[in-house]
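Asks: Pasting a predicted model and its sequence here:
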Amino acid sequence: MIEQNNDSGTESNRPNTGWTIPSGRRTDEWSECLVLIGNKQDRAAFTRFFRHFGPLIKAFALSGSSLSAAHADELVQEVMIKVWQKAGGFNPEKAAASTWVYTIARNCRTDMFRRLQKFDTQLAAEDLNIELEEEEPFAVLHNRRGADRVRELMGQLPPDQAQILAKVYMEGKSHSEAAAELDLPLGTVKSRVRLAIQKLQVQMDRL
Amino acid sequence: MVNHHPSTDFLMEYSAGTLPVAQAACVSAHIDYCDKCRRAHEQFQSIGGTLFDALEPVPVTDSLLERILAQLDDPAPLTFTPATQDEALPGLLRRIINGDFSQLVWKRVTKSLSVSYLSTGDTDYEFALFRIAAGGRIPEHRHGGSEMTLVLEGGFSDGHGSYHPGDFVFRSQDDTHAPVALDGEHCICLAVTDAPLKFTRWQHRWMNPFMQLRAS
């Protein structure tokens, strides 16, 4: 049910061909839309993109938060204008369109919460989450495979693990807030998170 | 080579945007040094992207679309460019310092320790740079709360290990340590903490009343 993006997962079904690049080229509709917006300032593509992602951004705005419907619309507006301004920097080799939009929506929502709470900082969420450019093609492909694998494996997570990830990522809850809302000990939340990370095979070779 | 990293929990909360500003700035600065954490961070963001894809859509109106289309030709706001380009420092820190280390005002704490307080707007966490003279020692202390440390220049060791530029260390409440700067070069660290440090040895305890949290 989580997996809606029908072209993800093709990577892992393909035999490992080593250095042949770029087998990970994505041709899905929303990546193409973003490229059209970025390269040609294509308003028709932007409108299609809005019709698909606007309702998801609004749902994201209203997830587990106290934002009013008016603020949710304001968030859709802010995010979509950023999509228009930043689409030129979208690299379909690097990220899925929905992950790219998600990061913009996350940053805008964090900033909106801080504004509403009169939290005065010169640092926007975007400044705290600088996208560093990976130039080396093999590294780009490798990262992309990791991201696609996460996407594919998400559909196989047990509900109790998926529920916590949704609290954290969609509702913007800290682990302790998630524990309080689900009436679980913090240790249980943390161990479910760890199990989920293992199942998703997030690259943790750093530890 | 970076050897000490933020925990999985911190990286996940960072990628979900739920870390407090000062802590997020520290993790962000670490990622500037660390390709492994950056890759893990990108995969964590894919979790968000996948869940975002699966949300139950909430209808939006055509009038909202029209309002947005009407604004598309407004020029994008100008983005900030820091005054100097000291490439050894993460861009976010250059921005918070508004320049490089030469712009800082250092305040002396002990013979071998100076501090420079910076502002992130986060009033729960102190965000400060500490400079330890080469070979200098910070008296043994613990923290009333938590402390994130990121080495920016030089290095230090503290009985648990030794740390070099890009290394990230987290100490929770009541961990006691006595960092010593490595020989040959002074050490500059970023420290993000939510409670003032407390010296534990009797000969240094007299300083404790003067150690206040400077969160701003």
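Replies: Great, that's in hand.
Asks: contacts, neighbours, all on C-alpha from now
Replies: OK.
Asks: Ignoring the adjacent residues along the chain, who's closest to the residue in chain B that chain A sits nearest to?
Replies: In chain B, the residue that lies nearest chain A is B:G49 (3.8 Å; C-alpha to the nearest C-alpha). Counting by C-alpha to C-alpha, 6 or more residues apart in numbering or on different chains, A:T99 is the residue found nearest to B:G49 once chain neighbours are left out, at 3.8 Å.
Asks: same check, this time on B:L72
Replies: Once chain neighbours are set aside, the closest to B:L72 by C-alpha to C-alpha, 6+ apart is A:I81, at 6.5 Å.
Asks: May I see the buried residues of the helix or strand harbouring the residue of chain B closest to chain A?
Replies: Secondary structure from DSSP states H and E places B:G49 in helix B:35-53. Judged by neighbour count using 16 or more other C-alpha atoms under 10 Å in any protein chain shown, the buried positions of helix B:35-53 are B:36-53.
Asks: and the most centrally placed residue in chain B, how far is that from B:E147?
Replies: Among the residues of chain B, the one closest to the centroid is B:C26, at 1.8 Å (C-alpha atoms, centre = their mean). B:C26 is 11 Å from B:E147, where distance means C-alpha to C-alpha, to the nearest Å.
Asks: where in the chain is pLDDT low?
Replies: Just going to use chain A. A:1-27, A:132-135, A:203-207 (pLDDT under 70).
Asks: Oops, wrong one, chain B.
Replies: B:78-87.
Asks: Apply 50 and report the result again.
Replies: Counting by pLDDT under 50, not a single residue of chain B qualifies.
Asks: Report the contact partners of the nearest residue to B:M12 once chain neighbours are set aside.
Replies: Excluding the flanking residues, the one nearest B:M12 by C-alpha to C-alpha, 6+ apart is B:F44, at 6.4 Å. Applying C-alpha atoms under 8 Å, 6 or more residues apart in numbering or on different chains to B:F44 gives the contacts A:202, B:12, B:15.
Asks: before we move on, the earlier item: what's the residue nearest to B:G49 sitting at in phi/psi?
Replies: Per-residue torsions, A:T99: phi -70, psi -40 (degrees, to the nearest 10).
Asks: That one contacts B:Q43, doesn't it?
Replies: No. A:T99 is beyond contact range of B:Q43, at 9.9 Å (criterion: C-alpha atoms under 8 Å).
Asks: The residue nearest the centre of chain A: what's it in contact with?
Replies: Centroid-nearest residue in chain A, with C-alpha atoms, centre = their mean: A:T99, separated by 3.1 Å. Counting by C-alpha under 8 Å, 6+ apart, A:T99 touches B:45-46, B:48-50, B:52.
Asks: The same query, at a cut-off of 7 Å, please.
Replies: B:45-46, B:48-50 (C-alpha atoms under 7 Å, 6 or more residues apart in numbering or on different chains).
Asks: how close does A:T47 get to chain B?
Replies: 8 Å (C-alpha to the nearest C-alpha, to the nearest Å).
Asks: Can you say which helix or strand has the residue nearest to that residue when sequence neighbours are not counted in it?
Replies: Excluding its sequence neighbours, the residue lying closest to A:T47 (C-alpha to C-alpha, 6+ apart) is B:L65, at 7.6 Å. Following DSSP H and E, one finds B:L65 within helix B:62-71.
Asks: who in chain A is up against chain B?
Replies: A:2, A:4, A:54-56, A:58-59, A:77, A:81, A:85, A:98-99, A:102, A:106, A:110, A:120-123, A:127-129, A:143, A:146-147, A:150-151, A:166, A:168-170, A:172-174, A:202-204, A:206 (C-alpha under 7 Å from any C-alpha of the partner chain).
Asks: Relative to chain B, which residue of chain A is the closest?
Replies: Proximity to chain B, evaluated over chain A using C-alpha to the nearest C-alpha, is greatest for A:T99 at 3.8 Å.
Asks: Do I have it right that B:V169 meets B:M148?
Replies: Yes. Taking contacts as C-alpha atoms under 7 Å, B:V169 lies within contact range of B:M148: 5.8 Å.
Asks: what does the domain assignment say about chain A?
Replies: With domains defined by automatic domain parsing, chain A comprises A:25-133, A:136-207.
Asks: For B:V169, what are phi and psi?
Replies: The phi/psi pair for B:V169 (degrees, to the nearest 10) is phi -130, psi 130.
Asks: Quick check: bridge partners of it?
Replies: B:T149 (DSSP bridges).
Asks: one step back: how about a markdown table for the contacts of B:F44, with neighbour count, distance to B:Y125 and secondary structure added?
Replies: Output for those, formatted as a markdown table (neighbours: other C-alpha atoms under 10 Å in any protein chain shown; distance: C-alpha to C-alpha, whole Å; DSSP: H, G, I helix; E, B strand; the rest coil):
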| residue | neighbour count | distance to B:Y125 | secondary structure |
| --- | --- | --- | --- |
| A:V202 | 20 | 30 | coil |
| B:M12 | 26 | 20 | helix |
| B:S15 | 26 | 20 | helix |
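Asks: quick one: which of these is nearest to B:L197?
Replies: Nearest to B:L197 among the contacts of B:F44: B:M12, at 27.2 Å, using C-alpha to C-alpha.
Asks: Check the gap between that closest one and A:A196 for me.
Replies: Distance from B:M12 to A:A196, by C-alpha to C-alpha: 12 Å.
Asks: all strands for chain B, in order.
Replies: All strands of chain B, identified by DSSP state E, fall at B:107-110, B:113-118, B:126-132, B:141-143, B:147-153, B:156-157, B:162-163, B:168-171, B:180-181, B:187-193, B:197-199.
Asks: partners of the first one in the sheet?
Replies: Going back to what we said before, that points to strand B:107-110. For strand B:107-110, pairing defined by DSSP bridges yields strand B:113-118 (antiparallel).
Asks: what does the strand it pairs with rub up against?
Replies: For strand B:113-118, contacts defined as C-alpha under 7 Å, 6+ apart pick out B:97, B:104-109, B:127-133, B:138.
Asks: neighbours of A:E131, just the number please.
Replies: 11 (other C-alpha atoms under 10 Å in any protein chain shown).
Asks: Identify the residues contacting it.
Replies: By C-alpha under 7 Å, 6+ apart, A:E131 has no neighbours at all.
Asks: Can you classify it as helix, strand or coil?
Replies: Secondary structure state of A:E131, per DSSP: H, G, I helix; E, B strand; the rest coil, is coil.
Asks: Point out the residues in chain B that sit beside chain A.
Replies: Residues of chain B lying near chain A (C-alpha under 7 Å from any C-alpha): B:13, B:16-18, B:24-25, B:28, B:36, B:39-40, B:43, B:45-60, B:68, B:72, B:76, B:92, B:120-122.
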